[in-house]
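**Student:** Model the following, please.
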Amino acid sequence: MTAKNVYIETMKAQLDELDANMNKLETKAKEAKADARDAYLAEMRKLRHQSKLASAKLDELKAASEDSWKAMTTEMDKVREAFVHSFSYFKSQI
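**Tutor:** Numbers count the residues shown, from 1 in each chain. I've put the predicted structure just below:
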């Protein structure tokens, strides 16, 4: 397996795990009181958007040539880190 494939599989696994954890949090948010629920669901929409951005960036990385993919990892790492940070913050608020 190439370094690119290993990186892609690792990143995909991390994003899939975050998505699964978001689904669990979304269930908790829906069970919250009405006023808190609206705030939680608004934050979930933001997290879903970040998830889509990260998935799109991963798709770009998958399509990149063997020569250019490595240069894209820094940007992919930043997108993932922003997603993880937002997720962690939201999780701490529930």
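**Student:** chain center to the host helix or strand of residue 46: distance?
**Tutor:** Assigned by DSSP states H and E, residue 46 belongs to helix 34-63. Averaging C-alpha coordinates over helix 34-63 and over its chain gives two centres that are 7 Å apart (CA atoms, centre = their mean, to the nearest Å).
**Student:** And it, what's buried?
**Tutor:** Residues 40, 43-44, 47, 50-51, 54-55, 57-58, 61 are the ones in helix 34-63 that count as buried (16 or more other CB atoms under 10 Å). All C-beta atoms are positioned from the backbone trio N, CA, C, and that covers glycine.
**Student:** next one: stretch 74-92
**Tutor:** When neighbours are counted by 16+ other CB under 10 Å, the buried residues of stretch 74-92 are found to be 76, 79-80, 83, 86-87, 90.
**Student:** Have a look at those residues and tell me the least confident one.
**Tutor:** Of all the buried residues of stretch 74-92, the one the model is least sure of by pLDDT is residue 90, with 79.
**Student:** ok, it - contacts?
**Tutor:** By CB atoms under 8 Å, 6 or more residues apart in numbering, the residues touching residue 90 are 25, 40, 43-44, 47.
**Student:** Farthest pair within those?
**Tutor:** Maximum pairwise distance in the contacts of residue 90, criterion CB to CB, is 10.2 Å, between 40 and 47.
**Student:** Farthest pair within the buried residues of helix 34-63?
**Tutor:** The farthest-apart pair in these, when distances are taken by CB to CB, is 40 and 61, at 31.0 Å.
**Student:** one step back: closest one to residue 20 out of the buried residues of helix 34-63, please.
**Tutor:** Taking CB to CB as the measure, residue 20 lies nearest residue 51 of the buried residues of helix 34-63, at 10.9 Å.
**Student:** Sweet, I'm off.
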